[in-house]
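# what's the 3D shape of this:
(one chain, ligands or ions: 1)
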Amino acid sequence: MKNNRPSATALFVANGMYFNSKRRRLRKDIPEETRASFVALIENIYGIKRTVLRKRLHLMKCYFSQRFTIDGFYLHFLLRKKCIEHEVLQAIRSGCKQVVILGAGYDPLGINLANKFPEVRFTEVDHPATSVYKQSVFNRLKWERPNLFPLSCDLNNAERLFSSEKFDRHAKTMIVCEAVLMYLPSKAVGGLFDVIRKNFSKCKLVFTFMNEQAPGDYMFRDAHPMTNNYLRLNSEPFTWGIPVLGVESYLKERGWRLLDIFDDHRLRKDFLSPANQDLPLAIGELIVSCEPLNDGK
Ligand SMILES: C[S@@+](CC[C@H](N)C(=O)[O-])C[C@H]1O[C@@H](n2cnc3c(N)ncnc32)[C@H](O)[C@@H]1O
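Sure, this is the predicted structure:
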């Protein structure tokens, strides 16, 4: 991504969640807190809170953005977020005291959970260009909490990040890396798995990855040809993925144990209401939870 411009794809995801939040049909599928947060966020970023016409125009823009990328893209964002929140809540319930969200973008997960769990320490890490802008938006929304810490870091240099005093390396930790690894070169992805494992003995990692359908093809299935152009234009092309069948061995080679994996079928089954099963859903990005093999078990 560009060093001097906040991530366009992070805003794309937030806009998709805004669109979802306004869809009557999805009312039952979006937790109220998530809905309210994305509405407040987008209406603040675009300054459209008080103007019905501008809200409608914005929703139309979101509609066309999906039309020229991937059918069911926004629903995928919603189910991905529900799945990840479910994993984080499970970790907190089983004693996790630290949550680290890598490449957090504009996701309100950290602020919403920091409110509910004041005893848990949340750190949101992002590329400096995104982090600075996002922080200014969060400040305007008064989304600050004593247990929520922003941290700027380019994940290409993750070694430096985790040597920071800002982490408790002995605490039971949950690390989230949602829709980020596809933007990193393969070497940086491998380095990130290594550095997390070395620094946190008691941790669980939830990450998403693109299924490599053919060598070097990391795109969603049936994506509109404009999608790659959009990503390239914004200097955020997909650069990493692995074939679904190779995930377990990829992790094992790096000292990680696969715990669970969610594809589109599983996301539908676990996180979408029966009434909405007919809606299209983007296929290609999967969610994995894993833990270090050296965790003392
Ligand atoms: C598609 S957005 C996902 C945002 C958020 N995780 C979500 O799912 O809503 C990708 C995020 O990765 C971050 N990112 C991309 N490359 C990065 C890098 N080299 N270092 C740190 N963050 C990076 C961007 O700033 C952006 O926030």
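# Looks to me like Leu75 is in a helix.
Yes - assessed by DSSP: H, G, I helix; E, B strand; the rest coil, Leu75 belongs to a helix.
# Which pLDDT value goes with it?
Leu75 carries a pLDDT value of 98.
# burial measure for it, as a count.
Using other C-beta atoms under 10 Å, Leu75 has 25 other residues around it. C-beta: built from backbone N, CA, C; applies to glycine.
# Could you check what's spatially nearest to the residue of the chain found nearest the ligand, not counting adjacent residues?
With C-beta to the nearest ligand atom as the measure, Gly105 is the residue of the chain nearest to the ligand, at 2.6 Å. Nearest non-adjacent residue to Gly105, counting by C-beta to C-beta, 6 or more residues apart in numbering: Ala10, 3.1 Å away.
# do Leu78 as well
Excluding the flanking residues, the one nearest Leu78 by C-beta to C-beta, 6+ apart is Asn20, at 5.0 Å.
# Whatever helix or strand the one you found lives in near the ligand at all?
Element membership of Asn20 [criterion: DSSP states H and E] is helix 8-22. Yes - against the ligand, helix 8-22 shows contacts by C-beta under 6 Å from any ligand atom at 9-10, 13.
# Would you show me how to pick out the buried ones of these in ChimeraX?
The following ChimeraX line selects those of these that are buried, judged by 16 or more other C-beta atoms under 10 Å:
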select :9,10,13
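# center of the protein - which residue?
For the chain, the residue nearest the mean C-alpha position is Glu178 (2.8 Å; C-alpha atoms, centre = their mean).
# was I right about Cys203 contacting Val176?
No - contact criterion C-beta atoms under 8 Å: Cys203 and Val176 do not qualify, at 11.1 Å.
# show me the contacts for the residue nearest to the centre of the chain.
Counting by C-beta atoms under 8 Å, 6 or more residues apart in numbering, Glu178 touches 80-81, 84, 101, 103, 107, 206-208, 287.
# Kindly report the same for Arg268.
Arg268 is in contact with 79, 277, 281, counting by C-beta under 8 Å, 6+ apart.
# Quick check: which element contains it?
helix 264-271.
# Name the residues of that helix that are buried.
264, 267-268, 271.
# And stretch 251-262, by the same measure?
Across stretch 251-262, burial judged by 16+ other C-beta under 10 Å covers 251, 254, 256, 262.
# State the mean pLDDT of it.
Per-residue scores along stretch 251-262 average to 97.
# Just say helix, strand or coil for the residue nearest to Glu87 when sequence neighbours are not counted.
With sequence-adjacent residues excluded and distances taken as C-beta to C-beta, 6+ apart, Glu87 is closest to Val206, at 4.8 Å. Going by three-state DSSP, the secondary structure assigned to Val206 is strand.
# What are the neighbouring residues in contact with Val206?
84, 87-88, 174-178, 287-289.
# Tell me which ones among the residues you listed also neighbour the ligand, please.
Contacts with the ligand are made by Glu178 out of these, judged by C-beta under 6 Å from any ligand atom.
# hmm, back to that, against Gly190, how distant is the residue nearest to Gly105?
Noted for Ala10: a distance of 23 Å to Gly190, by C-beta to C-beta, to the nearest Å.
# Could you do Ser21 as well?
Ser21 is 36 Å from Gly190, by C-beta to C-beta.
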